[in-house]
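In: build me a model:
(one chain, ligands or ions: 1)
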Amino acid sequence: MSRHHNPPVDASAPTLQVEGLNVAVRGGPALLRAVSLTVQPGEVRALVGESGAGKSMIGKAVLGVLPRGIEQASGSIRLQGASLEALSPAARRQTVASVASLIPQDPLTALNPSRRIGGQITDRLVRRLGWSSRDAHARALELLDRVYIRDPARVMAAYPHELSGGMRQRVLIAAAFAPRPSLIVADEPTTALDVTVQKQILQLIRELQAETGTAVLFVTHDMGVVAKVSQTVTVLFDGKVMEDAPTAQLLAQPGHPYTRALIAATPRYTHPHEPLRPVPDELVARLRQEVARGDANTAGATRTAA
Ligand SMILES: Nc1ncnc2c1ncn2[C@@H]1O[C@H](COP(=O)(O)OP(=O)(O)OP(=O)(O)O)[C@@H](O)[C@H]1O
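Out: Below is the predicted model:
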């Protein structure tokens, strides 16, 4: 199926390159502040931080699905070297669709309850990426089998409510990998699942990633997940990058007090009875002030330059 390869791209370029990304509520507060990060081909980069840090917002900006009223104020997003801001909305959608896939947080809301599973996997392949129905159907069956769904043909004909939460997430993983994307944005893909199922789903994503060499931006609040899945990690607080390092180095020698606090707040399965220390309120308050001051400085610098 060589004709289904992605469009011509700069092979030497990073899969994803975000530079100085500012995202804000229109006429309102900043949600992302000068965020920069890179995902190289085949790299799994974790994006970690507490609730509200803006992790999902980065994924949404990359995929071009920012919520209404929220906009990219400045900065650039490049997918395989193509600058998304330079493209028309239609060309941008097409580029994103052919390069990147999403594994969403909540497998229930991500699937249309009134449509059969098969069509929900093949639609994007056929309508957006120009596959024949036959190839798309075969690919969907192949992927459902690959994510350990026992009777793929039956599941293709089923409706979402006929499947368990874990099965639905397997379906969405199959759908994400089906077009052979170069990048997958996995947005807390295990958070909505039972603990026992979480492990299997994490393992499945790791297997498919290793097998296909797909680059992944893995959004999580859990340092334990960071340790398991990623080679590199970006730590986000209040819309700003606090630290960016190889995962092993970050876990062994966290450079930023916030990273240390996040690690201390994470249960270690090797030390199940260890008391956990939540991220201290004083640290959060101090960092919020610093981040806000940074904004003021940046605004000042822009004014001076202008
Ligand atoms: N539709 C919206 N309108 C305005 N603000 C929003 C909207 N959606 C999210 N936000 C705000 O944007 C910020 C970042 O949200 P985001 O969902 O990216 O955080 P997150 O780090 O992914 O957290 P979580 O783990 O809870 O999903 C938060 O302060 C949130 O309140």
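In: contact partners for residue 123?
Out: Residue 123 is in contact with no residue at all, counting by Cβ atoms under 8 Å, 6 or more residues apart in numbering. From N, CA and C alone the C-beta is placed, and that goes for glycine too.
In: rounded mean pLDDT for the helix or strand where it lies, please.
Out: In this structure, residue 123 sits in helix 117-123 according to DSSP states H and E. Helix 117-123 shows a mean pLDDT of 96 in the predicted model.
In: try stretch 235-242
Out: For stretch 235-242, the mean confidence score works out to 96.
In: pull up the distance across that stretch, start to finish.
Out: End-to-end span of stretch 235-242 (Cα to Cα, to the nearest Å): 5 Å.
In: what about residue 222, how many neighbours?
Out: Around residue 222 sit 19 other residues, with neighbours defined as other Cβ atoms under 10 Å.
In: quick one, what contacts it?
Out: Residues near residue 222 by Cβ under 8 Å, 6+ apart: 48, 266.
In: how about the residues of the stretch 1-150 of the chain near the ligand?
Out: 25, 31, 49, 51, 52, 53, 54, 55, 56, 57, 67, 70 (Cβ under 6 Å from any ligand atom).
In: got it, and the stretch 151-300 of the chain?
Out: Counting by Cβ under 6 Å from any ligand atom, the stretch 151-300 of the chain sits next to the ligand at residue 221.
In: figure out how far stretch 116-132 is from the centre of its chain.
Out: Remark: stretch 116-132 is offset 22 Å from the chain centroid, using Cα atoms, centre = their mean, to the nearest Å.
In: quick one: residue 205 from residue 181, how far?
Out: To residue 181, residue 205 is 13 Å away according to Cβ to Cβ, to the nearest Å.
In: apart from its chain neighbours, what residue comes closest to residue 175?
Out: Counting by Cβ to Cβ, 6 or more residues apart in numbering, residue 121 is the residue found nearest to residue 175 once chain neighbours are left out, at 4.6 Å.
In: now do the contacts for the one you found.
Out: With Cβ under 8 Å, 6+ apart, residue 121 has these contacts: 136, 140, 143, 144, 156, 171, 174, 175, 178.
In: what about the helices in the stretch 1-150 of the chain?
Out: Secondary structure of the stretch 1-150 of the chain, counting by DSSP state H, counting those that start in this stretch: helices at 55-63, 89-99, 107-110, 117-123, 133-146.
In: elements contacting the first one?
Out: What it means is helix 55-63. Where contact means 3 or more Cβ pairs under 8 Å, 6 or more residues apart in numbering; DSSP states H and E, helix 55-63 is packed against strand 16-25, strand 30-39, strand 44-48, strand 70-79, strand 100-103, strand 183-187, strand 215-220.
In: quick one: contacts of that helix?
Out: Contacts with helix 55-63, where a contact means Cβ under 8 Å, 6+ apart, come from 16, 18, 21, 23, 31-32, 35, 37, 47-49, 66-67, 70, 72, 77, 79, 96, 100, 102, 105, 183, 185, 187-188, 217, 219-221, 236, 239.
In: of those residues, select the buried ones using a ChimeraX command.
Out: In ChimeraX, a selection of the buried entries from those looks like this (16 or more other Cβ atoms under 10 Å):
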select :16,18,21,23,31,32,35,37,47,48,49,70,72,77,79,96,100,102,105,183,185,187,188,217,219,220,221,236,239
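In: how about the helices in the stretch 151-300 of the chain?
Out: Remark: helices assigned in the stretch 151-300 of the chain by DSSP H, counting those that start in this stretch are 152-157, 165-177, 195-212, 223-229, 247-252, 257-264, 281-305.
In: need the winner for burial among those.
Out: Of the helices of the stretch 151-300 of the chain, the one with the most neighbours on average (mean count of other Cβ atoms under 10 Å) is helix 165-177, at a mean of 23.
In: contacting residues for the closest residue to the ligand within the stretch 201-306 of the chain?
Out: When distances are taken as Cβ to the nearest ligand atom, the stretch 201-306 of the chain reaches nearest to the ligand at residue 221, 5.3 Å away. Applying Cβ under 8 Å, 6+ apart, one finds that residue 221 lies in contact with 48, 49, 50, 51, 55, 188, 191.
In: again with residue 186
Out: Contacts of residue 186 were listed using Cβ under 8 Å, 6+ apart, and they are 102, 103, 205, 216, 217, 218, 219.
In: where's the residue lying closest to it once chain neighbours are set aside relative to residue 174, distance?
Out: Setting aside the residues directly before and after it, residue 186 is nearest to residue 103 in space (Cβ to Cβ, 6+ apart), at 4.4 Å. With distances defined as Cβ to Cβ, the gap from residue 103 to residue 174 amounts to 10 Å.
In: can I get the helices and strands packed on helix 55-63 in TSV with mean pLDDT?
Out: Listed next are those as TSV, based on pLDDT from 0 to 100:
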stretch	mean pLDDT
strand 16-25	97
strand 30-39	97
strand 44-48	97
strand 70-79	96
strand 100-103	96
strand 183-187	97
strand 215-220	97
